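>>> any chance you could fold what I've pasted below:
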Amino acid sequence: MGIKGPETAGHTRMDNLSDLRVFVQVALAGSFAAASRVLGMTTSAVSKAVQRLEAEVGAKLLSRTTRAVSMTVEGERFLEGARKLLDDADALKSEFTDSLEEPRGKLVVSAPAVFGRVWLIERVLDFMCRFQDVEVELKFEDRIVDFMSEGIDVAIRLGDLGDSVNLVARRLFEDTIHTCAAPSYIERYGQPETLEEIACHRGIHYRVQNTGLLFPFIFDCKGETVRRTLDPVLVGNNIDAIHRAAEAGLGLAQLPSFLVRESFSSGRLVEVMKDHRMERFPYSIVYLDRRLVAPRVRAFVDFLVSEPPNFLDPDA
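Sure thing, here's the model as predicted:
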């Protein structure tokens, strides 16, 4: 008998949702023993639950060895449908439970580290004071997260989202990226005015965590986007570190308005290449596109959108 594909995993009887949860946990943990500890079950009970599920779908989902388990080809196919079914079941339960009372349950939020520190954490605290039955886990890190595998409910993302399938995006605000230098750097190396001149300058570059590549400097040239990788004097994957290095006069850096406005006001940094400043970059709130969106997710997104950041250009 052939296995039911992801699109038919939902035909598993509702009384076997517990077996589906066991199977998914074993697949994620990589062993029956590890899954049993997470689920609070005996290893024998975990093994029997997987056997029942395999008997129902008519295919072997896991390959067992004395030390670990691995997914079969059929198991990989079935896992996708199983996780979607469980997510929908959890969302359905939350929909009805939370509709009777205030939003409740755990909310996992991902955001760029500096943006989280400067603005988001205060809004999260305000949200939690209003919705006291919601438990929040904050993940501040500068990388693109995988919603499904990492259990993310809501994420803040910068720039063009591209082909973000299965995601809903709502615009939060727009910011400007400035090319910055310390007065001490300009005194020593001069101030670049053109794209040709900037190629000779020292750059403080950001390394993208997901790809390991250097993020180039981005400029506008008569409506065209121009990218330049400068001679890297310092490379980092943390915007705060790049900001401090720029203030120390080590090189040029490109930084968002919300981070550098105080540095501009105090004179610790000045903007260069102003005529080639790029247009505003959008920040969006992103969450999974589901038939049923948990009330805590919807409430949090609506809460942030209702009072977006009011960051202004430093020279506005």
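>>> now the strands for the stretch 101-250 of the chain?
105-111, 134-140, 154-158, 167-175, 177-181, 202-207, 214-215, 217-221, 224-228, 231-236 (DSSP state E, counting those that start in this stretch).
>>> nearest to Asp302, of those?
Nearest to Asp302 among those is strand 167-175 (9.0 Å), distances taken as C-beta to C-beta. Backbone N, C-alpha and C define where each C-beta goes, glycine included.
>>> so which of the strands of the stretch 101-250 of the chain is the most surrounded?
Mean neighbour counts were compared across those using mean count of other C-beta atoms under 10 Å; the top stretch is strand 177-181, at a mean of 25.
>>> mean confidence for it?
If you average the pLDDT over strand 177-181, you get 95.
>>> show me what it pairs with in its sheet, parallel or antiparallel.
Sheet pairing of strand 177-181 (DSSP bridges) gives strand 253-256 (antiparallel), strand 270-272 (antiparallel).
>>> run the angle between that strand and strand 217-221 for me.
110 degrees (axes from the mean of the first three to the mean of the last three C-alpha atoms, to 10 degrees).
>>> circling back: figure out which of the strands of the stretch 101-250 of the chain is closest to Ala59.
Of the strands of the stretch 101-250 of the chain, nearest to Ala59 by C-beta to C-beta is strand 167-175, at 30.8 Å.
>>> render the CA-only coordinates of that closest one in PDB, please.
C-alpha atoms of strand 167-175 as PDB (Å, rounded to 0.1, in the frame of the first residue of the first chain):
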ATOM      1  CA  LEU A 167       3.800  34.300   4.600                       C
ATOM      2  CA  VAL A 168       1.700  37.300   5.300                       C
ATOM      3  CA  ALA A 169       3.500  40.700   5.500                       C
ATOM      4  CA  ARG A 170       2.200  43.900   6.900                       C
ATOM      5  CA  ARG A 171       4.200  47.100   6.600                       C
ATOM      6  CA  LEU A 172       5.400  48.500   9.900                       C
ATOM      7  CA  PHE A 173       7.500  51.600   8.800                       C
ATOM      8  CA  GLU A 174      10.200  52.800   6.400                       C
ATOM      9  CA  ASP A 175      13.700  53.900   7.300                       C
END
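>>> so which of the strands of the stretch 101-250 of the chain gets nearest Val270?
Closest approach to Val270 among the strands of the stretch 101-250 of the chain is made by strand 177-181 (6.2 Å; C-beta to C-beta).
>>> now Ile186: closest residue in space that isn't a chain neighbour?
Closest residue to Ile186 apart from its sequence neighbours, by C-beta to C-beta, 6 or more residues apart in numbering: Val270 at 7.0 Å.
>>> equivalent analysis for Ser18, please.
That would be Ala49: by C-beta to C-beta, 6+ apart, it lies 7.1 Å from Ser18.
>>> state the next helix or strand along the chain beyond the helix or strand where that neighbour lies.
Assigned by DSSP states H and E, Ala49 belongs to helix 43-57. Next in sequence after helix 43-57, counting helices and strands by DSSP H and E, comes strand 62-64.
>>> partners of that following strand in the sheet?
strand 69-71 (antiparallel).
>>> quick check: what element follows the partner strand along the chain?
helix 73-100.
>>> mind checking what secondary structure Gln25 has?
helix (DSSP: H, G, I helix; E, B strand; the rest coil).
>>> excluding its backbone neighbours, what's nearest it?
Ala35 (4.3 Å).
>>> any idea how far the one you found is from Ala45?
10 Å (C-beta to C-beta, to the nearest Å).
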